[in-house]
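>>> structure for the following, please:
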Amino acid sequence: MEISGRIISILSEQSGEGRNGPWRKQDFILETDGQYPRKVCVSVWGDKIDQFSLKEGEQLTASVNIESREYNGRWYTDVKAWKVEREAQGAGFSPAGGNPPPFDSPPPAEEPPESASAEDDLPF
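Numbers count the residues shown, from 1 in each chain. Purely as a prediction, here's the structure:
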């Protein structure tokens, strides 16, 4: 699943020790585009924190996994980013989630090459 928007806040990194060893996590708040923008808290885990090097104000598309789990009768949902694509600055089209460029007119019809004629010796 993908979610696009602008980073409005980067929260401080959290770390700890679990049964599988040390872990690191950093959350950021992504505000979606559109008439009714939504704020979504997205988590980045481990080495991806350094790999993504996120900055406030960046426009991006995050590929995420959404997972819920139950603990003591309450449900908790995580939105975990596994890939981040930054929006191209000044570009009107982004294949990662924007709208395609406007369709003005059909492409010109291709004319056959001048060498093509009924005299060609094609076996079919």
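>>> hey, where'd the strands end up in the protein?
Using DSSP state E, the strands of the chain run over residues 2-10, 14-18, 21-32, 39-45, 59-71, 74-86.
>>> could I get the ones you listed as a markdown table with mean neighbour count, mean pLDDT and distance to S53?
(C-beta placed from N, C-alpha, C; glycine too.) A markdown table is the format used below for these (neighbours: other CB atoms under 10 Å; pLDDT from 0 to 100; distance: least, CB to CB, whole Å):
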| stretch | mean neighbour count | mean pLDDT | distance to S53 |
| --- | --- | --- | --- |
| strand 2-10 | 16 | 96 | 10 |
| strand 14-18 | 9 | 93 | 17 |
| strand 21-32 | 16 | 96 | 11 |
| strand 39-45 | 16 | 96 | 10 |
| strand 59-71 | 14 | 96 | 12 |
| strand 74-86 | 14 | 95 | 10 |
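>>> how close does W23 sit to G46?
7 Å (CB to CB, to the nearest Å).
>>> would you reformat the strands of the chain as TSV and include distance to F52?
Shown next, in TSV, are these (distance: least, CB to CB, whole Å):
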stretch	distance to F52
strand 2-10	10
strand 14-18	16
strand 21-32	9
strand 39-45	6
strand 59-71	9
strand 74-86	5
